[in-house]
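Asker: this is a predicted model, with the sequence first.
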Amino acid sequence: MEKLVSSDFKLGIIAGGQLAKMLIQEASKWDVKTYVMDNDEGCPANTIASHFVKGSNLDYDDVYQFGKQVDLLTYEMENININALKQLKAEGHNILPDPDTLELIQDKGKQKEFYKNHNIPTAPFKLYKNQEEIKQDIESGLLQFPLVQKIRTGGYDGRGVAVINDKSDLNKLMNAPSVVENKVNINKEIAVIAARNKKGEIKCYPVVEMMFDPQANLVDKLICPSNIPVEQSEKAIHIAEELINLLEMQGLLAVELFIDQNGNIVVNEVAPRTHNSGHHTIESIITSQFEQHLRAIFNLPLGSTLLKLPAVMVNIVGSEGYTGPVKYEGLTESMAIEGVKIHLYGKKITKPFRKMGHVTILSNTLESALEKAEKVKQLIKVKS
């Protein structure tokens, strides 16, 4: 502990997006120097990091040299040169979550096989090398519509996913190594964020319910607490606890799950980092997900995950038809609503559906928070 809270300790973060920025905001409350590596000097985290290094998360030398500069290395995305991380680990450098865990999670095929091998509920699936193999199984009747194709590596924020409802959608198939799974008849989409430190202490956040923008395939709204029965909530939390234990993770694990029309809960996918489904925790939970990630990787006691007030989180995304220097509308009017907390990430350029910030709305009841969230959605526009 004494070493961690000394001005000599350097925390390295690979990639400098909004997750890194919010992590640095928490780290700044302690005596921790933050180093960020990103290819974009205008990235959100560069405005507040102690030290910025220009470099690519996919370049071996950039990742390797950056890792050698810091005392502990973490990351805000999965798409990182894994060979560089494994070499750093072999040389005794601290990287958390562990590169072996990241390597498994980077590959959605390995993820699904991990769930299957450990009896974690997930949608039935098959692995394919290319789109021709998928088409052959459709023609032979081995694959039935509707189905979902996910490329095994590199996809994020809905990219790299194709929903194939019938033959007319076959042009959407991507020609890459993929997981193809039965399309779940979804009733609700939920998420649980679990934290685990080196001592094996685990804390889970309350289950959140996610509502998606079907056009952007991004989270449109998130509510906490979720509007699901206690038994389903307890099962989802149990799955998250089991997963983070099986992975022997030190850090945060965001677990995205589906509840189907029959009430069954299945794992969709996981992320070994802070996550969009936990942004509301900054205001609505005693310990934010960003502080909890630091506690976990520093092997400190994990903080309380008790809910202070019901909350709704709304993503602020770029409006359709606008690309260029960002301009915001409706911020002043939104701030006049009681319980509204606005976070702007500091991205200078807006694009359609690009995440530019988020708003958390707190209220005494979830119904009241949802009403205020709808007002905020109508007020805030991101243009150029």
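Answerer: In hand now; what should we look at?
Asker: can you tell me what sits against stretch 63-70?
Answerer: Residues external to stretch 63-70 that are found in contact with it (CB atoms under 8 Å, 6 or more residues apart in numbering): 10-12, 14, 35, 37, 53, 55-57, 73, 80-81, 84-85, 87-88, 93, 95. Glycine gets a C-beta too; all of them are placed from N, C-alpha and C.
Asker: helices along the stretch 1-150 of the chain, start to end?
Answerer: Secondary structure of the stretch 1-150 of the chain (DSSP state H, counting those that start in this stretch): helices located at 18-27, 60-67, 82-90, 99-106, 108-117, 131-140.
Asker: just say which of those helices is most tucked in.
Answerer: For the helices of the stretch 1-150 of the chain, ranked by mean neighbour count under the definition mean count of other CB atoms under 10 Å, the leader is helix 18-27 at a mean of 24.
Asker: any idea how far it is from the middle of the chain?
Answerer: Averaging C-alpha coordinates over helix 18-27 and over its chain gives two centres that are 14 Å apart (CA atoms, centre = their mean, to the nearest Å).
Asker: cool, and stretch 174-191?
Answerer: Here the centre of mass of C-alpha atoms in stretch 174-191, compared against the chain's by CA atoms, centre = their mean, lies 17 Å away.
Asker: shift numbering so it begins at 558
Answerer: Okay, using 558 as the starting number, the last item reads as stretch 731-748.
Asker: buried set for that stretch?
Answerer: Residues of stretch 731-748 classed as buried by neighbour count (16 or more other CB atoms under 10 Å): Met731, Ala733, Pro734, Ser735, Val736, Val737, Glu738, Val741, Lys745, Glu746, Ile747, Ala748.
Asker: and the helices of the stretch 558-707 of the chain as CSV, adding mean pLDDT and distance to Asn784?
Answerer: Compiled in CSV, these are given as follows (pLDDT from 0 to 100; distance: least, CB to CB, whole Å):
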stretch, mean pLDDT, distance to Asn784
helix 575-584, 98, 26
helix 617-624, 98, 42
helix 639-647, 98, 39
helix 656-663, 97, 29
helix 665-674, 97, 26
helix 688-697, 95, 36
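Asker: looking at those helices, which is nearest to Met892?
Answerer: The closest of these to Met892 is helix 575-584. By CB to CB, the value is 19.1 Å.
Asker: in this structure Tyr685 contacts Met731, no?
Answerer: No - distance between Tyr685 and Met731: 10.3 Å, which falls outside the contact criterion (CB atoms under 8 Å).
Asker: nearest to Thr604 among the buried residues of stretch 731-748?
Answerer: The shortest separation between Thr604 and any of those is 28.3 Å, and it belongs to Ala748 (by CB to CB).
Asker: please tell me how far the closest residue in space to that closest one that isn't next to it in sequence sits from Asn825.
Answerer: Counting by CB to CB, 6 or more residues apart in numbering, the nearest residue to Ala748 once its immediate chain neighbours are dropped is Ser834, at 3.9 Å. Note on Ser834: its distance to Asn825, by CB to CB, to the nearest Å, is 12 Å.
Asker: do the same with Met768
Answerer: Taken as CB to CB, the spacing of Met768 relative to Asn825 amounts to 15 Å.
Asker: just put the helices of the stretch 558-707 of the chain in a markdown table and tack on distance to Val705.
Answerer: Listed next are the helices of the stretch 558-707 of the chain as a markdown table, based on distance: least, CB to CB, whole Å:
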| stretch | distance to Val705 |
| --- | --- |
| helix 575-584 | 26 |
| helix 617-624 | 31 |
| helix 639-647 | 25 |
| helix 656-663 | 18 |
| helix 665-674 | 11 |
| helix 688-697 | 11 |
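Asker: to Gly903, which of those helices lies closest?
Answerer: helix 575-584 (7.0 Å).
Asker: poorly predicted segments of the protein, please.
Answerer: With pLDDT under 70 as the threshold, the chain has low-confidence stretches at 558-564, 714-715, 771-775.
Asker: how about the residue nearest the centre of it, what does it touch?
Answerer: Taking CA atoms, centre = their mean, the centroid of the chain lies closest to His832, which sits 3.0 Å from it. If a contact means CB under 8 Å, 6+ apart, then His832 has Leu576, Ala748, Ile750, Leu809, Ala811, Gln846 as its contacts.
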